[in-house]
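Chemist: Structure for this input, please:
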Amino acid sequence: MMKILSYPLSVLHYLLYGGLLLLFHPIQWICIHFIGRKAHKAVVDFLTLILTKIMIVSANWVRFTIEVPLPDNVPLIFAPNHQSIYDIPPLIWYLRRYSVRFVGKKELGGGIPSITINLRNNGSVLIDRSRPQDAVPQLKEFGADLQAKRGAGLIFPEGTRSRNGVPRPFKIKGLQTIMEQMPDGYVVPVTINNSWKILKYGQFPLGIGNLISFYVHKPIKIEQDRIIEQIEEVEAKVKSMIDK
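Modeler: Next comes the predicted model:
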């Protein structure tokens, strides 16, 4: 019965979701070229708010919890598990005060309405996962920029999303490379639950009736002589709250 109901809800969801991405693409372009960075960020924040809220159309909703206040005016690197594309808008919206920039795969730079233009213009970095030797210099530069600007970044250490909710082992190198450039920074574990269930049938129909939860753990001050151990601690914290 739930799957049958999901068909009309999925059609409505995709019409709204796709329409918003198409609508906000030229608005972002105008902001980038004629108004400025602050206006562009405000538009992206508003878009991700709407994208987060309209998940209710497919009978899915979001709960976002931050364990303790995060430190201000320090470099931050968020390290969540990854379950679906629906992880992204809530992370941008609820962490909007930190102007989070992403480490993503290069395919996201291929012309996806609203998404590509944002990633290409907000200081995010897109890497070719088939050429890890090229990714290391990019990630070093990214981490150094976060350190210099007291900025915030986000990387999915699993490398790709889990399709069934079972977390993949962390790939240490990317997060390690960034943390090595952030001696004043903090790494922030984030646990995401149930967003994989939206795509449990594939792209269509969508899974419905799910609470998508985000839990931002207490940040960990980066210690340059303990980075590997700290990544293991981050991985343990992230996985400790993943629903079994």
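
Chemist: State the three-state secondary structure for the residue positioned nearest the centre of the chain.
Modeler: Central residue of the chain (Cα atoms, centre = their mean): I88, 4.1 Å from the mean position. Assigned state for I88: helix (three-state reduction, DSSP: H, G, I helix; E, B strand; the rest coil).

Chemist: so which strand or helix has F78?
Modeler: strand 76-80 (DSSP states H and E).

Chemist: Listing partners with orientation, what would you give for that strand?
Modeler: strand 152-154 (parallel), strand 186-193 (parallel) (DSSP bridges).

Chemist: could you redo those strands as JSON lines and give each row mean pLDDT?
Modeler: Compiled in JSON lines, the strands paired with strand 76-80 are given as follows (pLDDT from 0 to 100):
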{"stretch": "strand 152-154", "mean pLDDT": "98"}
{"stretch": "strand 186-193", "mean pLDDT": "98"}
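
Chemist: secondary structure element for L211?
Modeler: strand 210-216.

Chemist: Identify each buried residue in that strand, please.
Modeler: Using 16 or more other Cβ atoms under 10 Å as the test for burial, strand 210-216 gives N210, I212, S213, F214, Y215, V216. Just so you know, the C-beta spots here come from the backbone N, C-alpha and C atoms, and that holds for glycine as well.

Chemist: Can you name every helix or strand that the helix or strand that V11 is a member of contacts?
Modeler: Assessed by DSSP H and E, V11 sits inside helix 2-30. The contact analysis (3 or more Cβ pairs under 8 Å, 6 or more residues apart in numbering; DSSP states H and E) places helix 2-30 against helix 37-53, helix 115-121.

Chemist: any chance of the strands paired with strand 76-80 in CSV, with distance to F142 and mean neighbour count too?
Modeler: CSV is the format used below for those (distance: least, Cβ to Cβ, whole Å; neighbours: other Cβ atoms under 10 Å):
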stretch, distance to F142, mean neighbour count
strand 152-154, 6, 23
strand 186-193, 14, 23
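
Chemist: and the residue nearest to the centre of the chain, how far is that from I32?
Modeler: 19 Å (Cβ to Cβ, to the nearest Å).
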